[in-house]
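Student: Provided below for reference: sequence and predicted model.
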Amino acid sequence: MEQKEYLGWLSQYTDAESCFQAQQSLPPYLRANTLKTTPEEYLSWTNLELEKTFIPYAFQLKEFPQNGLGNTIDYATGWMHTQSLSSMLPPHILNPQPEDRVLDICAAPGSKTTQCAALMQNRGIILANDKNRGRISALANNLERLGIINTTTMNQNGTCFNSPHIFSKILVDAPCSGLGSSINAYNWWEEKYSSGISASQTSILFTAFRHLEPGGALVYSTCTYSPDENELPVSRLLEKHPEAELEKIEGVPNAEPGLPDFGKELKNSMRIYPHKFNSEGFFLAKIIKT
């Protein structure tokens, strides 16, 4: 798709030019690993120039180190993990607690899994699943570096995931077209791609919801703008499962409500745009099983 055509499509949902330009030069972020330090201790210890965000343990990097973040002592010791602010939102909104049983059904390479583990204080249990065996090795490396001990990994396709267990909290960070995170995805993307991948995303969401206990919470997220990948799978779940309720997400600055095209309740979901949030584009929905 040509850039002009892509911007025309994106303009249906936001200020396309501002969004596109902001996405070209987004700042890096990191989070302090609260299993090894506190945000205050980390700020007093690190040589990195950081700025606080609305998430207490998340920081914007003001100046990129010459040799890269992956070569810093902060990263090597597991005191911090590089992760965009938008990517921190799904675990932040799911808010797992030490007593929870958590399923991360599309987990690798583990940024959100390890964030959940930190929120749980390394207690409870997390099942981190991913269909890509190669990416699970990256997940395992992150678990070790960050000192995670409450997580076990599994290698299954999320569309046909099966476990005898049910979970109190579930994270579905679905594979997507990546329009919110890639600066040039429009070069290969067509609307029909999102229409095609939507079926897989819907299947993963339905499978995950089946493993959620009554009273439990599920967060569905993507890093794209396409309604076919965002609001549509959620609306399908709400239509087929009357016990699924969409909880309004609050407390995230400069976020926008989801599109009501697939039902007015979708306004309880959330859209993140780079020119308003200063981090990559995202979609989030929090679903409660009654």
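Tutor: Right, received. Where do you want to start?
Student: The residue lying closest to Gln21 once chain neighbours are set aside in helix, strand or coil?
Tutor: Among residues not flanking Gln21 along the chain, His275 sits closest, at 7.2 Å (CB to CB, 6 or more residues apart in numbering). Using the backbone N, CA and C atoms, a C-beta is placed for each residue, glycine as well. Of the three states, His275 takes helix according to DSSP: H, G, I helix; E, B strand; the rest coil.
Student: What are the boundaries of the helices in the protein?
Tutor: According to DSSP state H, the chain carries its helices in the segments 3-10, 16-23, 39-45, 73-76, 85-94, 111-119, 133-145, 191-210, 231-240, 274-277.
Student: In this model Ser18 seems to touch the residue nearest to Gln21, though I could be wrong.
Tutor: Yes - if you go by CB atoms under 8 Å, His275 and Ser18 touch, sitting 4.1 Å apart.
Student: Neighbour count for those two, which is higher?
Tutor: His275 (18 against 13; other CB atoms under 10 Å).
Student: where does the stretch 151-290 of the chain dip in pLDDT?
Tutor: Of all residues in the stretch 151-290 of the chain, none has pLDDT under 70.
Student: Tell me what the residue nearest to Lys52 when sequence neighbours are not counted is bridged to.
Tutor: Ranked by CB to CB, 6+ apart and with sequence neighbours excluded, the top spatial neighbour of Lys52 is Phe59, at 6.2 Å. Judged by DSSP bridges, the bridge partners of Phe59 are Leu30, Lys52.
Student: before we move on, back to that, could you export the helices of the chain as CSV, including distance to Gly258?
Tutor: CSV is the format used below for those (distance: least, CB to CB, whole Å):
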stretch, distance to Gly258
helix 3-10, 16
helix 16-23, 16
helix 39-45, 30
helix 73-76, 35
helix 85-94, 13
helix 111-119, 20
helix 133-145, 28
helix 191-210, 15
helix 231-240, 5
helix 274-277, 15
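Student: Any idea which of the ones you listed gets closest to Leu284?
Tutor: In terms of CB to CB, the element of those nearest to Leu284 is helix 85-94, at 5.9 Å.
Student: Comparing the helices of the chain, which stretch has the densest surroundings?
Tutor: Stretch with highest mean neighbour count among the helices of the chain: helix 111-119 (a mean of 26; mean count of other CB atoms under 10 Å).
Student: contact partners of that one?
Tutor: With CB atoms under 8 Å, 6 or more residues apart in numbering as the test, helix 111-119 has contacts from 31, 33-35, 57, 81, 83, 87-88, 90-92, 94-97, 102, 104, 107, 126, 128, 139, 142-143, 146, 148, 150-151, 169, 171, 173.
Student: What's the mean pLDDT across that helix?
Tutor: For helix 111-119, mean pLDDT is 99.
Student: ok now that helix, how far from the chain's centre?
Tutor: 11 Å (CA atoms, centre = their mean, to the nearest Å).
Student: Just the buried residues of the contacts of helix 111-119.
Tutor: 31, 33-35, 57, 81, 83, 87-88, 90-92, 94, 96, 102, 104, 107, 126, 128, 139, 142-143, 146, 148, 150-151, 169, 171, 173 (16 or more other CB atoms under 10 Å).
Student: who are the neighbours in contact with the spatially closest residue to Arg123 that is not a sequence neighbour?
Tutor: With CB to CB, 6+ apart as the measure, Pro98 is the residue that lies nearest to Arg123, at 3.8 Å, once sequence neighbours are left out. Going by CB under 8 Å, 6+ apart, Pro98 touches Met120, Gln121, Arg123, Gly124.
Student: Let me know the pLDDT of the third one.
Tutor: When you say that, I think you mean Arg123. pLDDT recorded at Arg123 is 99.
Student: Hmm, it is touching Ile148, no?
Tutor: No - look at Arg123 against Ile148 with CB under 8 Å: they stay out of range, at 11.3 Å.
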